[in-house]
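> okay, structure incoming, though there's no sequence with it:
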DNA sequence: GAGGGATCTTCCGTTGAACGGAAGACCGGC
DNA sequence: GCCGGTCTTCCGTTCAACGGAAGATCCCTC
């Protein structure tokens, strides 16, 4: 009851969530002390909450004493609306990978970023870490631009305000990007040539489900791969099919 | 403070989890009253806890007032150990689908069931609802039998005690199944011919990661498809590759 | 094998936050 | 307008969460 900031008392639940949030991609297994430190809680409190979380099976205690996220959380997460979208898109993403040989993504708009829901690597694929759960920038990836083009005006102005460069090809002039977004909205197709990573070309199209959640499908290819233009028709077909499939449900 | 059983007071966290558990595959969106009823909580309490869960972003409140599981839970679930396994297996599952044309699964042992981690449908695929998160019986599916063959003796005896029939082909005699499990342990290959669903043949192999978590890869095919035997070599190859890939990590 | 540092677990008195009944607000429907 | 349903807010009581501190356990060092 000392170091906590200005009467900002956190409810028990908030503290428990803080413990869950201590886990991230680089920290999938944590010890009691690490969790307490990362969540900013006294050891004794963390210990009790962790016991509760473990008995609720949200966390699992490993034989070595470490804690990790339990299968129950994974299972609950499957009930999120993202999953329905993923399920609808998956077969078409598979086709896309099969016909183009490149890596396909599915992403949704999440705040000022693109959240990757699924990624299927192709045989001719680049080594990529666009793994589900990753957030990509909106202004320099193809999926990002496809989403941004259809995003609410507020998001767009917010993103256009800070265009930090990822490579020397990243578009950093808001006017240029704004014009490009207009084109994307017209043609439906977004591209990024080395704007996010050198040597990588990507192509994406948005899925506009009426008033529903916005998503985008993208392909990633090495810049050197031949016949990049041939990847557009299959992409166009896949997005149309996914849009239709969502409309049906 | 009335209807609660025999002094069994549930901690705040337990109650919150009860609310989360009110969601299931058939109930992805719930109202306040439905949640309170399903979790066995007074409306006022449920209301407060839901407000907490929502502000913690574990739940999302839709414009229409309904609650649903939030993206944050999905994101946390990705940190569960299941995801690492899925990621390791995914490329090989894709290959499997591409070469055989049939539907491929990845499942792990979970209590007395097989938990499906991933399912990729093939072009020649059956309509199937083996969607991630589904639990399959251990005694009459190929993945189930593959897992059961390598499961701890305790699980095995427990499952063998209650072999309920799913079709008229389901093995219900513990002795017959036990003998089959011995064979599976020897050959590494498990089969199920219409034992779970009529018209469906399935083939599976276990992934035995030393002392690590046990998994199995399976293929589902219509009984009528020609050259079912040709699906074994690709399956063998995939499981070997996945096992190796896990060993490396 | 004694000493020291680290992490984990248990205990317990205090206190403030969770609890939930009840009343009020807000819908649509007949 | 009246009514059944659902949602939200209020507030006094109470009891469970809180966390400091002491004890247990492990492991490494000398």
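The structure has been received and is ready for your questions. Note that this is a predicted model, so its numbers are computed, not measured.

> any idea how far DNA strand D is from residue A:117?
From residue A:117 across to DNA strand D, the span is 28 Å (C-beta to the nearest atom of the strand, to the nearest Å). For glycine as for every other residue, the C-beta is placed from the backbone atoms N, C-alpha and C.

> tell me the secondary structure at that residue.
What DSSP: H, G, I helix; E, B strand; the rest coil gives for residue A:117 is strand.

> neighbours around residue A:93, how many?
23 (other C-beta atoms under 10 Å in any protein chain shown).

> what separation do you get for it and residue B:117?
Residue A:93 sits 18 Å away from residue B:117, going by C-beta to C-beta, to the nearest Å.

> near chain B, anything from the helix ranked longest in chain A?
When chain A is parsed with DSSP state H, its longest helix is helix A:81-100. Yes. Helix A:81-100 reaches chain B (C-beta under 8 Å from any C-beta of the partner chain) through A:81, A:82, A:83, A:84, A:87, A:90, A:91, A:94, A:95, A:97, A:98.

> mean confidence (pLDDT) on the next helix or strand after that helix, please.
Scanning forward in sequence from helix A:81-100 by DSSP states H and E, the next helix or strand is strand A:103-110. What strand A:103-110 shows for mean pLDDT is 94.

> got it, and stretch A:177-190?
The average pLDDT within stretch A:177-190 is 94.

> one step back: can you say which of the residues of helix A:81-100 next to chain B are buried?
A:81, A:82, A:83, A:87, A:90, A:91, A:94, A:95, A:97, A:98 (16 or more other C-beta atoms under 10 Å in any protein chain shown).

> which of the residues you listed sits closest to DNA strand D?
For those, the closest approach to DNA strand D (C-beta to the nearest atom of the strand) belongs to residue A:81, at 18.2 Å.

> enumerate every residue touching residue A:197.
A:166, A:167 (C-beta atoms under 8 Å, 6 or more residues apart in numbering or on different chains).

> let me fix that, I meant to ask about residue A:142.
Residue A:142 sits next to A:190, A:191, A:192, A:202, A:203, A:204, A:216, A:218, A:219 when contact means C-beta under 8 Å, 6+ apart.

> and with 7 Å instead?
A:190, A:191, A:192, A:202, A:203, A:204, A:218 (C-beta atoms under 7 Å, 6 or more residues apart in numbering or on different chains).

> thinking again about what came up before, grab the two from the residues of helix A:81-100 next to chain B that are most spread out in space.
A:81 and A:98 (27.1 Å; C-beta to C-beta).

> the helices in chain A, which residues?
Ranges of helices in chain A, per DSSP H, are A:12-21, A:32-39, A:43-55, A:71-77, A:81-100, A:142-149, A:153-161, A:174-187, A:232-248.

> now these in JSON lines, with distance to residue B:112?
JSON lines is the format used below for the helices of chain A (distance: least, C-beta to C-beta, whole Å):
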{"stretch": "helix A:12-21", "distance to residue B:112": "28"}
{"stretch": "helix A:32-39", "distance to residue B:112": "31"}
{"stretch": "helix A:43-55", "distance to residue B:112": "20"}
{"stretch": "helix A:71-77", "distance to residue B:112": "14"}
{"stretch": "helix A:81-100", "distance to residue B:112": "25"}
{"stretch": "helix A:142-149", "distance to residue B:112": "41"}
{"stretch": "helix A:153-161", "distance to residue B:112": "47"}
{"stretch": "helix A:174-187", "distance to residue B:112": "52"}
{"stretch": "helix A:232-248", "distance to residue B:112": "35"}
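
> go through those helices and pick out the most buried.
Mean neighbour count, computed with mean count of other C-beta atoms under 10 Å in any protein chain shown, is highest for helix A:142-149 among those, reaching a mean of 30.

> now do it, average pLDDT.
Helix A:142-149 shows a mean pLDDT of 96.

> and for stretch A:44-60?
What stretch A:44-60 shows for mean pLDDT is 94.

> with stretch A:67-85 instead?
What stretch A:67-85 shows for mean pLDDT is 94.

> figure out the length between the terminal residues of that stretch.
Length of stretch A:67-85, first residue to last, C-alpha to C-alpha, to the nearest Å: 31 Å.
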